[in-house]
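>>> Return atomic coordinates for the entry below.
(chains A and B)
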Amino acid sequence: MTDQIAADRLPKLDKLAEAGIPSYPPRVPKPVPIASCLEGFDDRHGEKVVVGGRLTQIRDFGKLRFSHLLDLGGSIQIGFQRDRLPEFWPNRKLVEANDQVVIRGELGVTQKGEPTIWADEVILATKALRHPPEKWAGLQDVEARYRMRYVDLFANPEVRETFVLRSRIVREIRAYFDGLGYLEVETPMLHPVSGGATARPFVTHHNALDMQLYLRIAPELYLKRLLVGGMERVYEVSRVFRNEGISTRHNPEFTMLESYEAWADYADIMDRVEGLFAHLCDTVLGGQSKVSFRGAEYDLRPPFERARYLDLFAEANPGVDWFDEASVLARAKELGLKTDGLPLPKIANDIFEETVEDTLRGPVFVHDYPVAVCPLAKQSPEDPRIAERFELFVAGMEMGNAFSELNDPQDQERRFAEQLVHMDEETPSEMDVDYVSALEFGMPPAGGLGIGIDRLAMLLSGSDSIRDVILFPLLRRVDASAPPAEESADAPQAEPAP
RNA sequence: GGGGGCGUAGCUCAGUCGGUAGAGCACCGGAUUUUUAAUCCGAUGGUCCCAGGUUCGAGUCCUGGCGCCCUCACCA
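Predicted coordinates for the structure are as follows:
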């Protein structure tokens, strides 16, 4: 890991000062993107341009020097000639690989036809005190890549591309929902009552109000309050926090899209999801629809396959009745699943996850879940055991979750109470009575949706790990000055009050 | 939290049976007006993750710790 300034670079600062060249000038001429210089290059020889970026790969030939200049959108060869740069030439070695420079020059080609900017003026924009990573292999060390993402980004072009892609995904998600008349809103991240999902929350404390607060595990209950308030179509691109394990698919903070639409049901939301994926194919993927992920190819162009939860369950577990205790317990034992103290629906759903989820290549909508595993979804009018809920699976990963939103306040209160009976560290510790009150004012029938943006970005960029689509994934701190984990006066991690 | 793997120069990596710490790139000096992983000559560069232990001798073996990766569990 690079944790020392390259000793040979410090003396350069003095030499630059002696030469009257500022190492960190407050302003430099504004460059144009390198990509724009390369457009129609053949007809533009002799044109003067100003480009800027990081200098790489210097190649010296006595009175001639070549290098490349890298900016976000591209790179181009820079040619330095002694005769064109009489003032700069004696100081040329003070400007090195990794420095940020601005080049004023003329478009042209070399003898071998390489597009080149022949420099007329070289302006040091920022002196770099550290060496660049190895020019051929780049930065490979996984830990260093995550801890020093800023190096990873300029050293590894595919990393830049992935994060540009992620940005486009988020932009196009916004464009899609904006186009449907949705309002983008912001709801609290600090929740007095943790809810909207089953997950362990991060606990914190507000001093002035002397109040325990939770970082949100989902924005759901606030967004639905907005439906009560008459905001008929809302969405939020929301960072959520779950105090749980870290893996290639999990980061303690991650980004979810949640959307809610009045006068819609879960079937309408399926259309929305398909519409969204079609939009992403058209825009982000440039009309393509096939992505390759973890060694397999997936076609993201709708329509998507549909399968009923209980049909998939029956197929994978012949003779097992999801709703029958003896049958479920026997099957769970057979699969070696934990059953002690767990409510029956939880066990049955574990069987589903164990036997079905990994096999779902998709994209596929799994729909009509047993109501017992959907505390916020509306019951089916045809079958009271079933909730109007679906999840979207691709490559065995849950990508989205949606339902016809439960808006019966008394039913909601019963479901919350039911959850509290089987309380564990992941279920909400108390009932969100304010949410139930909100429903008592009347929430229009609505369909809601949650989509994991990080996993979507993994799929669209072909990234195996969630850390490859999160700029700064959570890592343990390594500095010696770290405070002990146990002591943190301002943030007691006590159990939630009853 | 369990299991497996890894940690050596700024970067990418070798290091055999326990016997003087290595290469390429980068960097520094020199040559070079057409390279683009430039080339050639020369030089510099080490807390072998940390702390103990075994040993005449440890990068190598043992114990403990730290960090990261994979995997299982939990979860989205």
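>>> what comes up buried for whatever helix or strand A:Ala307 lives in?
For A:Ala307, the host element (DSSP states H and E) is strand A:305-308. Under the neighbour-count criterion of 16 or more other C-beta atoms under 10 Å, strand A:305-308 has A:Ala307 buried. For every residue, glycine as well, the C-beta is placed using N, CA and C.
>>> And stretch A:316-336, by the same measure?
So, applying 16+ other C-beta under 10 Å, buried residues of stretch A:316-336: A:Asn317, A:Val320, A:Trp322, A:Val328, A:Arg331, A:Ala332.
>>> in the stretch 301-450 of chain A, which ranges drop under the pLDDT threshold?
A:422-428 (pLDDT under 70).
>>> That one: strands as residue ranges?
Using DSSP state E, counting those that start in this stretch, the strands found in the stretch 301-450 of chain A span residues A:305-308, A:364-370, A:386-394, A:397-404, A:446-452.
>>> And these: which comes nearest RNA strand B?
strand A:397-404 (3.2 Å; C-beta to the nearest atom of the strand).
>>> Can you tell me what sits against that closest one?
A:249, A:265-266, A:269-270, A:273, A:357, A:363, A:374, A:376-378, A:387-393, A:445-452, A:455-456, A:458-459 (C-beta atoms under 8 Å, 6 or more residues apart in numbering).
>>> Likewise for stretch A:178-191?
For stretch A:178-191, using C-beta under 8 Å, 6+ apart, the contacting residues are A:174, A:177, A:201, A:204, A:206, A:213-216, A:219, A:222-223, A:226, A:231, A:233-239, A:241, A:259, A:261, A:272.
>>> For RNA strand B, what is the nearest residue in chain A?
For chain A, C-beta to the nearest atom of the strand, closest residue to RNA strand B: A:Gly62, 2.1 Å.
>>> does that residue sit in a helix, a strand or a coil?
Judged by DSSP: H, G, I helix; E, B strand; the rest coil, the three-state class of A:Gly62 is coil.
>>> and it, how far is that from A:Ala119?
16 Å (C-beta to C-beta, to the nearest Å).
>>> And those two? Which one has more around it.
Ranked by neighbour count (other C-beta atoms under 10 Å), A:Gly62 and A:Ala119 place A:Ala119 first, with 23 against 6.
>>> could you say what helices and strands whichever strand or helix holds that one packs with?
Counting by DSSP H and E, the element that carries A:Ala119 is strand A:115-126. The elements that strand A:115-126 packs onto, with contact taken as 3 or more C-beta pairs under 8 Å, 6 or more residues apart in numbering; DSSP states H and E, are strand A:48-60, strand A:74-81, strand A:100-109.
>>> need the longest helix for chain A.
Secondary structure of chain A per DSSP state H: the longest helix is helix A:157-179.
>>> what secondary structure does the residue nearest to A:Arg166 when sequence neighbours are not counted sit in?
Distance criterion C-beta to C-beta, 6 or more residues apart in numbering; nearest residue to A:Arg166, sequence neighbours excluded, is A:Ala457 at 4.4 Å. Put simply, A:Ala457 is helix when judged by three-state DSSP.
>>> Contact distance from RNA strand B - what residues of the stretch 201-350 of chain A qualify?
Contacts of the stretch 201-350 of chain A with RNA strand B, taken as C-beta under 7 Å from any atom of the strand, map to A:242, A:244-252, A:254, A:337-338, A:350.
>>> Would you mind writing the ChimeraX command to select the buried ones in those?
Selection command for ChimeraX covering only the buried members of those, criterion 16+ other C-beta under 10 Å:
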select /A:242,249,251,252,254,337,350
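>>> Take the residues of the stretch 201-350 of chain A next to RNA strand B and keep only those in helices.
A:Asp350.
>>> what sits opposite A:Arg306 in the beta ladder?
Residues in a beta bridge with A:Arg306, per DSSP bridges, are A:Phe365.
>>> How many neighbouring residues does A:Leu342 have?
Neighbours around A:Leu342, by other C-beta under 10 Å: 16.
>>> what does A:Asp83 give?
A:Asp83 has 8 nearby residues by other C-beta under 10 Å.
>>> Tell me which residues touch it, please.
Contacts of A:Asp83 (C-beta under 8 Å, 6+ apart): A:Lys63.
>>> Just confirm it is within a helix.
No - using three-state DSSP, the secondary structure at A:Asp83 is coil, not a helix.
>>> Per-residue pLDDT of A:Leu221, please?
At A:Leu221, the pLDDT value in this model is 94.
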